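Student: my questions concern the predicted model and sequence given below.
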Amino acid sequence: MSLAQVLFYVMAFIVVASALFVASSKNLVRSIFMFFITLFGLAGLYVLALADFVAVTQIVIYVGGVLVLILFAFMLSGKETLNVLQQQKSKFISLNKLPALLLAALFFVVMVNVILKSDVDNVYWVKMVRGANRQIKPNDLMTDNIGINLMTRYLLPFEAISILLMMALVGAAHLTRKEQGTV
């Protein structure tokens, strides 16, 4: 097993474990800080995949932007709101969560099915890339055509991400807003 594989498995374990902690923790502060670890772990996985620009973008936009907005929303929200959120009964499996659990189980079955049935080495475009010797090497420049691709081929996903970030900003602003009639 190579060093890259060991690093991948370590980073993947960190990402999955911290994401599970975020989803299952009742303490909002710990969940937010574990979300930091999850996002940094994803950036590490991007570095291992030789996507250095995406890793830096992950850190700048998500860790530097969205997560800071979440922190400010948490810090500026009232104590009453936080106490109500933390005192809710939250059984992991309940009748209220049944549709979400069924959807998660269905997604898991589909994902496992795709992983088991996929044969990555025999995919047509992978064979073409290997045959033409056009594999990405660590010394290649990765950011040459990013601006052109973002404004042409990937314009729709780029705009969808900008709308997602705007929704996160509006949500954070809404959470920090005071209720009418309270001082």
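Tutor: Perfect, thanks for sending it.

Student: next up, the contacts around the spatially most central residue of the chain.
Tutor: Nearest to the mean C-alpha position of the chain, counting by C-alpha atoms, centre = their mean, stands Leu39 at 6.2 Å. Counting by C-beta atoms under 8 Å, 6 or more residues apart in numbering, Leu39 touches Gln58, Ile59, Tyr62, Val63, Leu67. Placement of C-beta: from N, CA and C, glycine included.

Student: can you get me a residue count around the fourth one?
Tutor: When you say that, I think you mean Val63. 17 (other C-beta atoms under 10 Å).

Student: that one contacts Thr38, doesn't it?
Tutor: No. Val63 is beyond contact range of Thr38, at 9.9 Å (criterion: C-beta atoms under 8 Å).

Student: circling back: ok, the residue nearest to the centre of the chain to Met1 distance?
Tutor: With the distance defined as C-beta to C-beta, to the nearest Å, Leu39 ends up 27 Å from Met1.

Student: again with Ala43
Tutor: 23 Å.

Student: who's more crowded, the two?
Tutor: A count of neighbours by other C-beta under 10 Å puts Ala43 above the other of Ala43 and Met1, at 23 against 6.
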